[in-house]
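[1] When you get a sec, could you give me coordinates for this:
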Amino acid sequence: MRKLVLSGVTICLAAQLATAQIKLPSPSPGASVMQTIGTTDLTVTYSRPSLKGRTPFTDSFVPLGKVWRTGANAATTFTTTTDLMVNGKTLPAGTYAILSIPAEGSATLIFSKNKTVTEAEYKESEDALRVNLTPSENSEKVETFTIGFSDLTDSTAKMNFIWANIKATADLKVDVNANAAANVDKAVADKPDDAAVLQAAASYNLSKGRNLEQSLSWIDKSIAKGETYRNLYVKSQILAKMGKYSDALPLAQKALSIGQTSTDGAFPFFKDGIEKSIADYTAKLPAAVPAMKNMKGKKKA
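    Alright, predicted model coming up:
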């Protein structure tokens, strides 16, 4: 009788804890991994089952040829803040559920538009993207299922799925230049009168040789709110990029003069660059002026 009473108490206690949503240890604890590629933020949220003496990808544990939620408990989710290439195929920006179909010597990675989908509810019609992976043997036996990122550059990375002695990898790529340019345009649209934003946007465009006329307009607005050696130097560089060395030279000279009398501790890092630009612009003036005269002479003839 006492045993029955204890069992009843245990069941009631478990029900109360579940209702109260008290956080308790989980056999497959939750995890979240975040990674930035260029200007793109990626986030994976999943639960991590452990082997505990079992062998995955067998009939009895994560069977081959069947859809798997690629983790445990709730659906594994994947978020990308910009469009992303996965094994050469485009995945639009958004949040998806990650599922997979392990097979002998291969695997299918699925991004589902149904963010809460599980194996029983999965519908191929809800796929946003699916790609094929080729698993390989991992050098070390990994006890707990792991999703992570490696081999990072400013536009690429690998997303790795590792468990037991198996590792499957998806190649990720972002168009970092297009994303950065879109961020620059949005920043100016959001703060069209912010001198620092205008200067940074013009400087970025200058570094990419992009929309120089627009950049000149942006830096002029920044200068109108107050001359600094930085915004004057940016304008001189834009003009030089446009071949207008006679206009660029006095601006670079003024930037050097203002910088030398400023209290900005960062100026020493700019000084050599400004001085070099002054020398470059000066050297190019003698060649540019005769060329303009010759063009005028031909026009009169």
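[2] Count the residues that sit near the residue nearest to Asn211 when sequence neighbours are not counted.
    Distances taken as CB to CB, 6 or more residues apart in numbering put Asn205 closest to Asn211, at 5.2 Å, once the chain neighbours are dropped. All C-beta spots, glycine's among them, are computed from the backbone N, C-alpha and C. Neighbours of Asn205 under the rule other CB atoms under 10 Å: 25.
[3] Asn205 contacts Gln214, doesn't it?
    Yes. Under the criterion of CB atoms under 8 Å, Asn205 makes contact with Gln214 at 7.0 Å.
[4] May I see the buried residues of whichever strand or helix holds Asn177?
    Using DSSP states H and E, Asn177 sits in helix 176-190. Using 16 or more other CB atoms under 10 Å as the burial criterion, the residues of helix 176-190 that qualify are Val176, Asn179, Ala180, Ala181, Val184, Ala187, Val188.
[5] Return the distance of that helix from the chain's centre.
    Here helix 176-190 is found 13 Å from its chain centre; the criterion is CA atoms, centre = their mean, to the nearest Å.
[6] Show me what that helix is packed against.
    helix 195-208 (3 or more CB pairs under 8 Å, 6 or more residues apart in numbering; DSSP states H and E).
[7] in the helix it packs on, what counts as buried?
    Neighbour counts using 16+ other CB under 10 Å place Ala195, Val197, Leu198, Gln199, Ala200, Ala201, Ala202, Ser203, Tyr204, Asn205, Leu206 of helix 195-208 among the buried residues.
[8] how many degrees apart are the helix holding Asn177 and helix 195-208 in direction?
    Per axes from the mean of the first three to the mean of the last three CA atoms, to 10 degrees, the angle that helix 176-190 makes with helix 195-208 is 150 degrees.
[9] which residues sit against helix 176-190?
    Around helix 176-190, the neighbours that count as contacts under CB atoms under 8 Å, 6 or more residues apart in numbering are 37-40, 82, 154-155, 197-198, 200-201, 204-205, 208, 210, 218.
[10] swap the cut-off to 6 Å and go again
    Gly38, Thr39, Thr82, Asp154, Ser155, Val197, Ala201, Tyr204 (CB atoms under 6 Å, 6 or more residues apart in numbering).
[11] Work out for me the element Lys221 sits within.
    helix 212-224.
[12] Just the buried residues of the next helix or strand after that helix, please?
    Downstream of helix 212-224, the next assigned helix or strand under DSSP H and E is helix 229-241. Applying a neighbour-count criterion of 16+ other CB under 10 Å, the buried positions in helix 229-241 are Tyr229, Arg230, Asn231, Leu232, Tyr233, Val234, Lys235, Ser236, Gln237, Ile238, Leu239, Ala240.
[13] go on, stretch 143-153?
    Within stretch 143-153, the residues scored as buried using 16+ other CB under 10 Å are Phe145, Ile147, Phe149.
[14] Now do it: distance to the chain's middle.
    Offset of stretch 143-153 from its chain centre (CA atoms, centre = their mean): 16 Å.
[15] Now that stretch: average pLDDT?
    For stretch 143-153, mean pLDDT is 97.
[16] Kindly report the same for stretch 278-296.
    70.
[17] cool, and stretch 106-114?
    On average, stretch 106-114 scores 97.
[18] Need the CA coordinates for that stretch. PDB is fine.
    C-alpha atoms of stretch 106-114 as PDB (Å, rounded to 0.1, in the frame of the first residue of the first chain):
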ATOM      1  CA  SER A 106      25.200   9.800 -47.900                       C
ATOM      2  CA  ALA A 107      22.700  12.100 -46.200                       C
ATOM      3  CA  THR A 108      20.100  14.600 -47.200                       C
ATOM      4  CA  LEU A 109      20.000  17.900 -45.300                       C
ATOM      5  CA  ILE A 110      16.600  19.600 -45.300                       C
ATOM      6  CA  PHE A 111      15.500  23.200 -44.400                       C
ATOM      7  CA  SER A 112      11.800  23.200 -43.700                       C
ATOM      8  CA  LYS A 113       9.600  26.300 -43.700                       C
ATOM      9  CA  ASN A 114       7.600  24.600 -40.900                       C
END
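[19] before we move on, the earlier item: for the helix holding Lys221, name the packing helices and strands.
    Judged by 3 or more CB pairs under 6 Å, 6 or more residues apart in numbering; DSSP states H and E, helix 212-224 is in contact with helix 195-208, helix 229-241.
[20] Just send the ones you listed back as JSON lines, with mean pLDDT and distance to Trp163 too.
    JSON lines is the format used below for the helices and strands packed on helix 212-224 (pLDDT from 0 to 100; distance: least, CB to CB, whole Å):
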{"stretch": "helix 195-208", "mean pLDDT": "94", "distance to Trp163": "42"}
{"stretch": "helix 229-241", "mean pLDDT": "96", "distance to Trp163": "51"}
